[in-house]
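Q: Next one to model:
(chains A and B)
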Amino acid sequence: MSDIKYSAEHEWIQDNGDGTVLIGITDFAQQQLGDLVFVELPELGTEINKGEEISVVESVKAASELFAPVDGTIIEVNEALEEEPELINEDAMANWIVKVKLSDPSDLDDLMDEDAYNELTKE
Amino acid sequence: MQSSNQITLKQTPLYSLHQELGAKLVPFAGYLMPVQYPLGIKKEHLHTRQKAGLFDVSHMGQVRLTGKNVATALEALVPVDIVDLPKMQQRYALFTNEQGGVMDDLMVTNAGDYLFLVVNAACKAQDIAHLQKHLADQCEIDVLDDRALLALQGPLAGEVLAKFAPESAEMIFMSAKTLLVNGIECFVTRSGYTGEDGFEISVANREAEGLARALLADDAVEMIGLGARDSLRLEAGLCLYGHDLENDTSPVEASLLWALSKSRRADGVRPGGYIGAEVIMAQMANGVSRKRIGLKPLGKMPVRDGAEVVDDQDNIIGFVTSGGFSVTLNYPVAMGYVQTEFAQVGTKLKALVRNKKVPLEVVKLPFVKQNYYRG
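A: Residues are numbered from 1 along each chain as shown, chains lettered A, B, ... in the order given. Coordinates of the predicted model:
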């Protein structure tokens, strides 16, 4: 049973089982965005609320906001993305963007599982 | 059945080729155009700077003007020397309005028996109406909608085209020639919109796909979309109408003095005599309050079209008109307008991006050196 959940905004959320999650964008999202040239990472310690902007990923042509799928605190950011934002294009599922300490683990219950997400992105 | 709400998007003669190549098609200036192919914008951009990129720019307007005094007639609409434009030479020009602003930028070629114009797709209808309004009584205006336009751009463009049309090797930057390319008659200019050496090839619609396929068969050539076309021209410091040039920007504000031919200036042999000349000539004499400049943000975050530019007192003193990420240089680049007193190279300013102040510096254009072939 996969411990990965999905949001309707094309983010994946991996439950680390210890009250923290990793958040990234899906392969569908990176394909839509095209080649990434910049990822704006939030400051450590930032408190995030569902629906608020936590990051911006930029392609050559446009900037795209990332919205928090859960409430919590940013405890780590993927610094490799500062120099190599294209890592997300290469493998969107392997390259997380932020690590969040959940304020309410039940937030994960509101997110989609893989099957539901695949339904969403089916054309 | 079409409802009155449906927009019918036009297709160029290469539409099925774009689909076959897996293009991501988007609406642009009333056409369904390829923004990128599976290679992606970054790789398409780099390929053009390193080898040869092929672009479908058939959505642009191609117009033929014929008549005894057609050059004199056109001079009433542009602040550029057309009367003394040598045969088989091309020149950058601007349609100006009464306020001294720019209606569109275009390329004009003296093809001997006629003038050949290439105008922006988004301004095509407006430009044709403009020509008809002012020139219909003096010359024949033929809109060449039976012709496609392909651009082959990059350091290997010369080598590639020479294989299909050996005489193209004799052409220098901004020259024109009628050539048989792969046996197909084409009207070719050695020019483009990327800053690289290259050619724009006007060809009959029915021959366009065959010609494109023949060029693509060459190992050095890849099909390139409009996304990379935009990032390439920005690196080259070239204006995009609708962004860096608008109805309310004058050529002087746009730092396009070089395009205003000496013969048409106040001390030239045919001074003024074009729409908005009084305004533009006064600006040349007295200066302007704002100028187009290059901007380099500090760091990696792009600063894009529409961002306000402020001084160290947070006064808004300008705005960005084109901005993105330079794939070649691996840092963000932008162009915009600032009040003249802030337009000096080296001036440190800030841009407002999503509630943040991004430091940036005024820099010289182009960002990437131009590689035009001058022989």
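
Q: Where do the strands of chain A begin and end?
A: Secondary structure of chain A (DSSP state E): strands at A:4-6, A:11-15, A:20-25, A:36-40, A:47-48, A:53-59, A:63-67, A:72-77, A:98-102.

Q: Show residues contacting the shortest one.
A: The one in question is strand A:47-48. Contact partners of strand A:47-48, identified using C-beta atoms under 8 Å, 6 or more residues apart in numbering or on different chains, comprise A:Pro42, A:Ile54, A:Ala68, A:Val70, A:Asp71, A:Gly72, A:Thr73, A:Ile74, A:Val100. Where you see a C-beta, it was placed from the backbone N, CA and C, and this is true even at glycine.

Q: Phi, psi for the fifth one please.
A: Going back to what we said before, that points to A:Asp71. phi -90, psi 140 (degrees, to the nearest 10).

Q: per-residue confidence at the residue lying closest to it once chain neighbours are set aside?
A: Spatial nearest neighbour of A:Asp71, excluding adjacent residues (C-beta to C-beta, 6 or more residues apart in numbering or on different chains): A:Ser103 at 4.6 Å. Per-residue confidence for A:Ser103 comes out at a pLDDT of 96.

Q: now swap in A:Lys122 and tell me
A: For A:Lys122, pLDDT reads 84.

Q: still on that earlier bit, so how far is chain B from the residue nearest to A:Asp71?
A: 24 Å (C-beta to the nearest C-beta, to the nearest Å).

Q: same deal with A:Ala29?
A: A:Ala29 is 15 Å from chain B, by C-beta to the nearest C-beta.

Q: contacting residues for that residue?
A: Contacts of A:Ala29 (C-beta under 8 Å, 6+ apart): A:His10, A:Glu11, A:Ala92.

Q: Give the burial count for the spatially closest residue to B:Gln344 that is not a sequence neighbour, as a bare number.
A: Closest residue in space to B:Gln344, ignoring its immediate chain neighbours: B:Val362 at 6.4 Å, by C-beta to C-beta, 6+ apart. Neighbour count of B:Val362, defined by other C-beta atoms under 10 Å in any protein chain shown: 21.

Q: And for B:Ala212?
A: Around B:Ala212 there are 25 residues (other C-beta under 10 Å).

Q: Tell me if it really is in a helix.
A: Yes - if the criterion is DSSP: H, G, I helix; E, B strand; the rest coil, then B:Ala212 is within a helix.

Q: Can you check the pLDDT for it?
A: Looking at B:Ala212, its pLDDT stands at 98.

Q: try B:Ile184
A: Looking at B:Ile184, its pLDDT is 95.

Q: three-state assignment of the closest residue to it other than its chain neighbours?
A: Using C-beta to C-beta, 6+ apart and skipping the chain neighbours, the partner closest in space to B:Ile184 is B:Glu207 (4.7 Å). Counting by three-state DSSP, the backbone at B:Glu207 sits in helix.

Q: need the residues of chain B near chain A, please.
A: B:35-36, B:40-43, B:45, B:227-228, B:230-231, B:300-302, B:304, B:324-325, B:327, B:332, B:354 (C-beta under 8 Å from any C-beta of the partner chain).

Q: let's see 7 Å
A: B:36, B:40-42, B:227, B:231, B:300-302, B:304, B:324-325, B:327, B:354 (C-beta under 7 Å from any C-beta of the partner chain).

Q: bridging residues for B:Val63?
A: Beta-bridge partners for B:Val63, by DSSP bridges, are B:Leu117, B:Val143.

Q: buried sites along stretch B:185-192?
A: Neighbour-count burial for stretch B:185-192, counted by 16 or more other C-beta atoms under 10 Å in any protein chain shown, picks out B:Cys186, B:Phe187, B:Val188, B:Thr189, B:Arg190, B:Ser191, B:Gly192.

Q: on that earlier part again, now the strands of chain A as a markdown table including mean neighbour count?
A: Listed next are the strands of chain A as a markdown table, based on neighbours: other C-beta atoms under 10 Å in any protein chain shown:
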| stretch | mean neighbour count |
| --- | --- |
| strand A:4-6 | 21 |
| strand A:11-15 | 21 |
| strand A:20-25 | 23 |
| strand A:36-40 | 23 |
| strand A:47-48 | 18 |
| strand A:53-59 | 21 |
| strand A:63-67 | 17 |
| strand A:72-77 | 18 |
| strand A:98-102 | 21 |
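
Q: Format these as a markdown table; extra columns: distance to B:Ala29.
A: Converted to a markdown table, the strands of chain A look like this (distance: least, C-beta to C-beta, whole Å):
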| stretch | distance to B:Ala29 |
| --- | --- |
| strand A:4-6 | 37 |
| strand A:11-15 | 34 |
| strand A:20-25 | 31 |
| strand A:36-40 | 25 |
| strand A:47-48 | 40 |
| strand A:53-59 | 21 |
| strand A:63-67 | 23 |
| strand A:72-77 | 40 |
| strand A:98-102 | 39 |
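
Q: Show me which positions of the helix or strand containing B:Gln283 end up buried.
A: According to DSSP states H and E, B:Gln283 maps onto helix B:277-286. Across helix B:277-286, burial judged by 16+ other C-beta under 10 Å covers B:Ala277, B:Val279, B:Ile280, B:Met281, B:Gln283, B:Met284.

Q: Give me the helices and strands touching it, please.
A: Judged by 3 or more C-beta pairs under 7 Å, 6 or more residues apart in numbering or on different chains; DSSP states H and E, helix B:277-286 is in contact with no other helix or strand.

Q: Mind checking what helix or strand follows it in sequence?
A: Note on helix B:277-286: by DSSP H and E, the next helix or strand toward the C-terminus is strand B:290-297.

Q: Show me what that next one pairs with in its sheet, parallel or antiparallel.
A: Applying DSSP bridges, strand B:290-297 is found paired with strand B:331-339 (antiparallel), strand B:356-363 (antiparallel).

Q: So what's the residue count around residue 34?
A: Using chain A. Counted by other C-beta under 10 Å, the residues lying close to A:Gly34 total 19.

Q: Chain B was what I was after
A: Neighbours of B:Pro34 (other C-beta under 10 Å): 27.

Q: Quickly find the element holding it.
A: Going by DSSP H and E, B:Pro34 is part of strand B:31-36.

Q: Touching that strand from outside, list them.
A: Applying C-beta atoms under 7 Å, 6 or more residues apart in numbering or on different chains, the contact partners of strand B:31-36 are A:34, B:9-12, B:15, B:18, B:23-26, B:44, B:56, B:59, B:121, B:225-228.

Q: and if you look at stretch A:6-18?
A: The contact list for stretch A:6-18 (C-beta under 7 Å, 6+ apart) reads A:3-5, A:21-26, A:28-29, A:66-67, A:69-70, A:93, A:108, A:111-112, A:114, A:117, A:120.

Q: How about the residues of chain A by chain B?
A: Within chain A, the positions near chain B by C-beta under 7 Å from any C-beta are A:Gly34, A:Asp35, A:Val37, A:Phe38, A:Glu40, A:Val56, A:Glu58, A:Val60, A:Lys61, A:Ala63.

Q: Look up the closest residue to the second one, ignoring the ones flanking it.
A: Taking C-beta to C-beta, 6+ apart as the measure, A:Asp35 lies nearest to B:Lys42, with 4.0 Å between them; neighbours along the chain are not counted.
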